[in-house]
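J.: Turn this into a structure:
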Amino acid sequence: MPPTIARDAYLAMVGKEIGVSPWHLIDQKRIDTFAETTEDHQFIHVDPERAARETPFGTTIAHGFLTLSMLSVFNYEVIPKIAGATMGVNYGFDKLRFISPVRAGSRIRGRFTLTEAKMRAANELFSRTSVSVEIEGEDKPALAADWIGLVYFA
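T.: Okay, here's the model as predicted:
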């Protein structure tokens, strides 16, 4: 669990790596559960025999949106809480790219660098975080994005 820090300390982190999350397993069960939730049953995700036979991946791969959705847990594991904050809001992404497939059975983690943080109002902080999702043992990340958030204060 990340520490709680003062707002000024958070603002001073601009340009610095905030942290790296622990590894998380993306197994077939997680992929299948995501397929059920999103109703995306494309064979490259849910049919290991066919994926091995008909794709260059050798097995099933995670949905790109599953990989993206893991940013939430990575965020909770890495990004410090800001003292006095009442809530944070996901404001969207810029430059989101899915770079490499995440094969079933792989482990992934998030790497976060705070690239911008500024007060837009007395009670509203705008932040931009460069995030990548690394795949254990792979040279290229699964995804890279600029994640935008808003943090509100009482």
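
J.: longest strand in this protein, by residue count?
T.: Ranked by residue count under DSSP state E, the longest strand found in the chain is strand 106-121.

J.: Just the buried residues of the following helix or strand past it, please?
T.: As assigned by DSSP states H and E, the chain's next helix or strand after strand 106-121 is strand 124-135. Residues of strand 124-135 classed as buried by neighbour count (16 or more other C-beta atoms under 10 Å): 125, 127-135. No exception for glycine: its C-beta is placed from N, CA and C like everyone else's.

J.: mind listing the strands for the protein?
T.: Going by DSSP E, the chain shows strands at 4-5, 16-20, 24-26, 81-82, 85-98, 106-121, 124-135, 143-153.

J.: most distant residue from the middle of this protein?
T.: Largest separation from the mean C-alpha position in the chain: Arg53, at 29.9 Å (C-alpha atoms, centre = their mean).

J.: Please determine how far it is located from Val102.
T.: 20 Å (C-beta to C-beta, to the nearest Å).

J.: what do you get for Met13?
T.: Remark: distance between Met13 and Val102 (C-beta to C-beta) = 28 Å.

J.: cool, and Leu96?
T.: Using C-beta to C-beta, we find Leu96 at a distance of 15 Å from Val102.

J.: How about Lys16?
T.: Lys16 is 27 Å from Val102, by C-beta to C-beta.

J.: what do you get for Leu11?
T.: 33 Å.

J.: who's more crowded, those two?
T.: Per other C-beta atoms under 10 Å, whichever of Leu11 and Val102 has more neighbours is Val102, with 26 against 15.

J.: What pLDDT is listed against the closest residue to Val73 other than its chain neighbours?
T.: Leaving aside its chain neighbours, Val73 sits nearest to His24 (6.9 Å; criterion: C-beta to C-beta, 6 or more residues apart in numbering). Looking at His24, its pLDDT stands at 98.

J.: wouldn't His24 be in contact with Val133 here?
T.: No. His24 is beyond contact range of Val133, at 9.7 Å (criterion: C-beta atoms under 8 Å).

J.: Give the intersection of the neighbour lists for those two.
T.: 70, 74, 108-109 (C-beta atoms under 8 Å, 6 or more residues apart in numbering).
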